[in-house]
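> Return a 3D structure for these sequence lines:
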Amino acid sequence: MTLRFSVLASGSSGNAFYIESEQERFLVDAGLSGKQMDRLFSEVNVDPSNLSGILVTHEHSDHIKGLGIVARKYNLPIYANEKTWQAMNGSLGKLTLDQKFTFATEEVKTFGDIDIESFGVSHDAAEPMFYVFHHNGKKVALVTDLGYVSERIKKTVEDADAYIFESNYDVEMLRMGRYPWNVKRRILGDSGHVSNEDCGLALADVIGNRTKRIYLAHLSKDNNMKDLARMSVDHVLQERGINLDLYDTDPNRPTAMYEVS
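Numbers count the residues shown, from 1 in each chain. Next comes the predicted model:
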């Protein structure tokens, strides 16, 4: 076994990602209720009491809704950067000191047989960051909740074996949709989210020879559809001569556990 993972939930209503190596098991974010998190774990046959810890990307509720509950129930350590800890203050309920750990932005931490690299993103949160997982020469990149994909981020995530990549909205659906203009402007802006087309353009720049699997993540339930996201991203990739299958994620159902080979 190398790395195995499942996108437990992904979308505007809640996000959670699970990844394991031979020795370590991590949850990234717990943006659903404690009850829903337990259901998602059971659907992929993961015992949350065996988790090594929970990594936090940022303090928005669709990423931390069940964080305090899951951490308390299974007595798990939580890792987040200082500004995110401050922003989450009061949102998690009571945690013991030995559950609170700092994971700085642009840092690499080694846990047993896995190296976890954090990188900053542009999003309207205190100090949002996402993660790249390295194990035995394999690389999995988790990239959502960002307004644009900078050259620095592209360098960090390039040539991963697998991507979980934001494809949040279709530009026309968003422009024509029911959201008030200030919300539309936020989503379209540099601290908002990545569109289907921009997802395709960014992926075209970072996909390498070893890339085998791409999951389109954090789709807006109001401004996107799975088929549309897949079609739009695939169109951009095909134009660049890249032919790879694209996989869906879902706000309520986990993806099948995938082993990076």
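> isn't residue 15 right up against residue 63?
Yes - with contacts counted by CB atoms under 8 Å, residue 15 reaches residue 63, the gap being 5.3 Å. For glycine as for every other residue, the C-beta is placed from the backbone atoms N, C-alpha and C.
> any idea how this structure splits into domains?
Domain assignment for the chain, taken from automatic domain parsing, gives 1-105, 146-248.
> Need these in a markdown table (columns: distance to residue 129 and mean pLDDT).
Formatted as a markdown table, the domains of the chain follow (distance: least, CB to CB, whole Å; pLDDT from 0 to 100):
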| stretch | distance to residue 129 | mean pLDDT |
| --- | --- | --- |
| domain 1-105 | 5 | 97 |
| domain 146-248 | 10 | 97 |
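> Going along the chain, name the strands of this protein.
Secondary structure of the chain by DSSP state E: the strands cover 3-9, 16-20, 25-28, 53-55, 78-80, 100-102, 108-111, 114-120, 129-135, 138-143, 162-166, 213-217, 246-248, 258-260.
> Export those to TSV and append columns for mean neighbour count.
Formatted as TSV, the entries for the strands of the chain read as follows, by neighbours: other CB atoms under 10 Å:
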stretch	mean neighbour count
strand 3-9	25
strand 16-20	26
strand 25-28	24
strand 53-55	23
strand 78-80	25
strand 100-102	13
strand 108-111	14
strand 114-120	20
strand 129-135	24
strand 138-143	24
strand 162-166	27
strand 213-217	24
strand 246-248	19
strand 258-260	18
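> Output those as CSV; include the columns distance to residue 240.
Compiled in CSV, the strands of the chain are given as follows (distance: least, CB to CB, whole Å):
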stretch, distance to residue 240
strand 3-9, 25
strand 16-20, 27
strand 25-28, 29
strand 53-55, 32
strand 78-80, 36
strand 100-102, 39
strand 108-111, 30
strand 114-120, 24
strand 129-135, 22
strand 138-143, 18
strand 162-166, 15
strand 213-217, 13
strand 246-248, 14
strand 258-260, 23
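> Quick one, which of these gets closest to residue 227.
strand 246-248 (9.0 Å; CB to CB).
> Can you tell me the strand partners of the closest one and which way each runs?
Paired neighbours of strand 246-248 in the sheet (DSSP bridges): strand 213-217 (parallel).
> outside of the strand it pairs with, which residues touch it?
Contacts to strand 213-217, defined as CB atoms under 8 Å, 6 or more residues apart in numbering, come from residues 7, 10, 15, 144, 161-167, 199, 203, 207, 226, 229-230, 233, 244-249, 255, 258, 260.
> and residue 238, which of the strands of the chain is closest to it?
Nearest of the strands of the chain to residue 238, taken as CB to CB: strand 246-248 at 11.1 Å.
> which other residues reach the closest one?
Residues from elsewhere that reach strand 246-248, judged by CB under 8 Å, 6+ apart: 213, 214, 215, 216, 226, 230, 233, 234, 255.
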